[in-house]
Structures are given as C-alpha cells and as structure tokens.
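Chemist: starting from these lines, generate the structure:
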Amino acid sequence: MADDKQLSMQNLNCEVTASDVSFDFGDTSRFRKIEFPEQAGITANALLQLVPAQLVAGTASNLYVLHFPKGIQGALMNLHQGGQSTTMIDAAGSCASLYKVNPTAVAAFQMFSVASFATGQYFLADISSKLTEVNRKLDDLLAFLQASKRTELLSELTFVKYALANYATIMLSEPQRMATIGNLQRAKIKAVADIEFYTEQLESSAAAKSNENQAKTVLQNKQGIDLASQLYAISTIMEAYYSQNWNQSYLANISADAKPLFALTQNRMISAITKFSDRINKDLESKKKGLLKGDVSQSEHKVLKLYDTLNSQSETPLLAFIEEALDKPSEPSELYLRSDGSVYQKI
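Modeler: Next up, the predicted model:
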C-alpha cells in the first residue's frame with residue numbers, strides 16, 4: 001500500500017487506502033465475504049461511491065482497504081435533540097449529534113453500520129461455536145435436564161439460537177431489536193436462577209453415597225450448571241452486541257457482575273465434587289484391599305476427572321470468554337472493497 005494513496009476519513013473513524021497488492025479472497029481461513037442483509041436496501045456497490053476520486057484515479061488494482069482502528073461496531077441512533085450519532089462516547093462522557101449537513105458522511109455511516117451488523121453476525125457465530133452445551137442437539141439436552149427445568153431452559157436456548165442466527169437482520173428493525181434486548185435480559189435473569197437450581201441439585205446428589213447411579217446424577221447436574229452458565233454468558237454478550245453499547249464502564253460492570261456469580265458457583269461445585277470424590281477414592285481403596293467387590297464405574301471415573309479439572313482452574317473459563325467477546329468489536333478491523341462491489345473481511 002503506497003502512502004501517497006492514503007486518505008484519512010477522520011469524521012468516520014475510518015481510513016480508505018488503495019491497494020496494489022493482490023489477495024486470494026478464496027482463502028476462507030484469511031477472508032470472509034460480507035453479505036449485506038436484503039432489507040438494508042443497499043448493495044455493496046454503494047460503498048464504491050464513497051471511495052474518494054483521487055484514490056480511484058491513482059490505483060491500478062481497483063482494490064480498496066477500509067481501515068477501522070477502533071473496530072466497526074456502532075450504529076447510528078436518532079437523537080431527541082435532532083440529528084444522528086454513533087454509540088461512541090468520548091472521555092467526557094458526551095456524544096454529539098451528527099446532523100445531515102453532509103449527505104456523503106451520513107451515507108458512509110449507514111454503509112458502515114450495516115457492515116458492522118454483518119461483521120457482528122460473524123463474531124457471534126464464532127463465539128457461540130465454542131459453547132459446547134449451547135450447541136448440543138435437543139435429544140442430548142433432554143437426556144440430562146431435570147424435568148421441572150426442561151421447558152424453561154429449552155425455551156431460553158431456542159430464543160438465544162434464534163437471536164444468534166438473525167442478528168444482522170434484526171439489527172435493521174428497531175422494534176425487533178428492542179424486543180430482542182428485552183428477551184435477552186430475561187433469558188439472562190432466568191439463567192441465573194437455573195445456575196442456582198442445578199448447583200443445589202449437584203450439592204444434594206454429591207452428598208449421597210457414591211455409586212454408579214449417583215455418579216451419573218452428579219454429572220447430569222454438572223451439565224445443567226454448564227448449560228445455564230453458558231446461556232448466561234451468551235445472553236450477556238448478545239445484549240451488548242444488540243444494544244451496541246461499547247461504553248467501557250458498562251463493559252467493565254458486565255465482567256464485575258459475572259465474576260462473583262461464576263466464582264461462587266465454582267467454589268460450591270468444587271466443595272461438593274471433593275466430598276463425592278473422597279468417597280469414591282475411599283471405596284476404591286477398599287476394593288483394592290478386597291474389602292469391597294468390583295471396580296470404580298465409568299461414571300465415577302468421570303467424576304474423579306471432573307474433580308481434577310475443577311481444581312486446576314483458578315477461575316471459570318467463561319469469564320475470560322465473556323471479556324474476550326466484548327473486546328472483539330473494538331479491535332482494529334479491515335474491509336476489502338473490490339471493483340465488482342464485493343466486500344471481504346480480514347479474519
């Protein structure tokens with residue numbers, strides 16, 4: 001990229017650069033094609049109209065790179081005092097209006113907002129793919145969920161998956177977006193109650209005599225905690241994505257709220273699993289000495305492995321998972337705009 005072909009677009013927190021370097025956009029490990037939602041009423045070709053004329057005249061490749069040093073998350077909001085604004089807030093906590101005095105600037109903001117929704121869709125899909133319990137098949141979930149909690153947890157899971165799959169399009173409908181935020185907040189509240197429920201069930205089952213059936217119950221209750229915890233995590237993340245609220249104090253409070261919840265749950269699990277594991281080990285010693293017949297069951301072996309895993313963690317991985325997901329939209333981002341109007345994101 002030649003420096004003399006670089007033009008700063010400071011008002012848009014974006015920099016457009018003409019590129020003479022060729023890229024293999026067919027390499028899906030490096031690039032992802034951005035598909036604009038149909039109801040956006042625009043095409044990727046509209047972005048070409050925003051490329052300054054001096055850049056068009058100075059490049060032979062017809063390839064342009066849009067640099068976003070602070071990420072591209074941020075939608076336009078209508079303000080009561082008139083005009084529009086991004087969700088970016090300065091150090092003083094203020095957010096000034098952007099009045100429609102520059103049609104090009106407004107069009108650019110609209111293009112970038114839609115691009116941010118498509119990019120956010122990718123982020124959320126990538127984030128949710130790491131949640132093992134959330135991605136389980138329905139039949140697998142029914143195998144371990146308590147009957148009294150099945151309807152509640154499955155309804156939460158169904159809604160979260162719906163909101164994940166339709167992020168980019170829902171963001172273009174303000175009534176739907178607001179309704180989705182409300183439902184995500186309710187799902188998060190229910191997830192906290194479900195975490196408590198399954199933690200109590202785990203403590204109760206772990207207090208019983210160690211045997212094959214009881215070990216299975218302990219493991220099932222642990223899965224219930226994992227599912228509820230992951231639903232809490234993804235609902236929390238999606239609330240920020242849907243609200244487009246990237247205020248640092250707000251994001252810090254999200255982590256501050258999640259940390260004691262996960263820490264307390266983890267400590268209670270460790271305490272319960274430790275007692276149950278001690279009984280398994282005691283039985284194992286008795287069996288080795290011939291005082292008891294048989295061997296430790298497969299489920300009991302899994303409980304012992306679970307004990308080792310829990311004790312090796314200083315804190316639940318979900319806390320780091322939430323923090324990473326909330327940091328992702330503010331990371332520098334690049335979009336590659338081709339002469340045919342197609343847009344690619346560098347992964």
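
Chemist: buried residues in stretch 186-193?
Modeler: 187-188, 190-192 (16 or more other Cβ atoms under 10 Å). Using the backbone N, CA and C atoms, a C-beta is placed for each residue, glycine as well.

Chemist: what two of these have the greatest distance between them?
Modeler: Ala187 and Val192 (10.1 Å; Cβ to Cβ).

Chemist: common neighbours of the two, please.
Modeler: Common neighbours of Ala187 and Val192, using Cβ atoms under 8 Å, 6 or more residues apart in numbering, do not exist here.

Chemist: include secondary structure and pLDDT when you put the buried residues of stretch 186-193 into CSV, please.
Modeler: Putting the buried residues of stretch 186-193 into CSV (DSSP: H, G, I helix; E, B strand; the rest coil; pLDDT from 0 to 100) gives the following:
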residue, secondary structure, pLDDT
Ala187, helix, 94
Lys188, helix, 95
Lys190, helix, 93
Ala191, helix, 94
Val192, helix, 96
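
Chemist: out of those, who's nearest Glu152?
Modeler: Lys190 (6.2 Å).

Chemist: and that closest one, what does it touch?
Modeler: 152, 156.

Chemist: could you redo the last one with a cut-off of 6 Å?
Modeler: Contact analysis of Lys190 by Cβ atoms under 6 Å, 6 or more residues apart in numbering lists Glu156.

Chemist: next helix or strand past the helix or strand hosting Met269?
Modeler: Assigned by DSSP states H and E, Met269 belongs to helix 248-288. Heading C-terminal from helix 248-288, the first helix or strand you meet, by DSSP H and E, is helix 298-311.

Chemist: and that following helix with helix 248-288, angle?
Modeler: 140 degrees (axes from the mean of the first three to the mean of the last three Cα atoms, to 10 degrees).

Chemist: quick one: contacts of the strand or helix carrying Ile322?
Modeler: Per DSSP H and E, Ile322 falls inside helix 317-327. Applying Cβ under 6 Å, 6+ apart, the set of residues contacting helix 317-327 from outside is 127, 229, 233, 237, 240, 251, 255, 258-259, 262.

Chemist: buried ones in that helix, by neighbour count?
Modeler: So helix 317-327, judged by 16+ other Cβ under 10 Å, has buried residues 318-319, 321-323, 325-326.

Chemist: that older thread, show me how to select, in ChimeraX, the buried members of the contacts of helix 317-327.
Modeler: Of the contacts of helix 317-327, the buried ones go into a single ChimeraX selection, burial set by 16+ other Cβ under 10 Å:
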select :127,229,233,237,240,251,258,262
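
Chemist: tell me where the chain has strands.
Modeler: For the chain, applying DSSP state E gives strands covering 6-9, 14-19, 31-33, 63-68, 77-78, 84-85, 333-338, 343-346.

Chemist: in a markdown table: these, plus distance to Ala115.
Modeler: Shown next, in a markdown table, are those (distance: least, Cβ to Cβ, whole Å):
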| stretch | distance to Ala115 |
| --- | --- |
| strand 6-9 | 14 |
| strand 14-19 | 10 |
| strand 31-33 | 12 |
| strand 63-68 | 8 |
| strand 77-78 | 17 |
| strand 84-85 | 17 |
| strand 333-338 | 6 |
| strand 343-346 | 7 |
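
Chemist: those strands: which one's closest to Leu219?
Modeler: strand 31-33 (37.5 Å).

Chemist: show me what the closest one is packed against.
Modeler: Packed against strand 31-33, as judged by 3 or more Cβ pairs under 6 Å, 6 or more residues apart in numbering; DSSP states H and E, are the following elements: strand 343-346.

Chemist: buried residues in the strand it packs on, which are they?
Modeler: Under 16+ other Cβ under 10 Å, the buried positions of strand 343-346 are 343-345.

Chemist: CA atoms only for that strand, dumped as CSV, please.
Modeler: What follows is strand 343-346, C-alpha atoms only, in CSV (Å, rounded to 0.1, in the frame of the first residue of the first chain):
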residue,chain,number,x,y,z
VAL,A,343,-16.6,-6.8,0.3
TYR,A,344,-14.4,-9.1,2.3
GLN,A,345,-13.4,-9.0,5.9
LYS,A,346,-9.9,-10.0,7.0
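
Chemist: that strand: partners in the sheet, and parallel or antiparallel?
Modeler: strand 31-33 (antiparallel), strand 333-338 (antiparallel) (DSSP bridges).

Chemist: can you list the residues that contact the first one?
Modeler: By Cβ under 6 Å, 6+ apart, the list of residues contacting strand 31-33 from outside reads 25, 344-345, 347.

Chemist: change it to 10 Å
Modeler: 23-26, 44, 118-119, 122, 126, 334, 336, 338, 342-347 (Cβ atoms under 10 Å, 6 or more residues apart in numbering).

Chemist: setting aside sequence neighbours, what's the nearest residue to Val303?
Modeler: Ala215 (5.1 Å; Cβ to Cβ, 6 or more residues apart in numbering).

Chemist: that neighbour and Tyr307 touch, don't they?
Modeler: No: Ala215 lies out of contact with Tyr307 (Cβ atoms under 10 Å); the separation is 11.6 Å.

Chemist: find residues that contact each of these two.
Modeler: Common contacts of Ala215 and Tyr307, defined by Cβ under 10 Å, 6+ apart, comprise 276, 280.

Chemist: how close does Gln244 get to Val65?
Modeler: Distance, Gln244 to Val65, using Cβ to Cβ, to the nearest Å: 24 Å.
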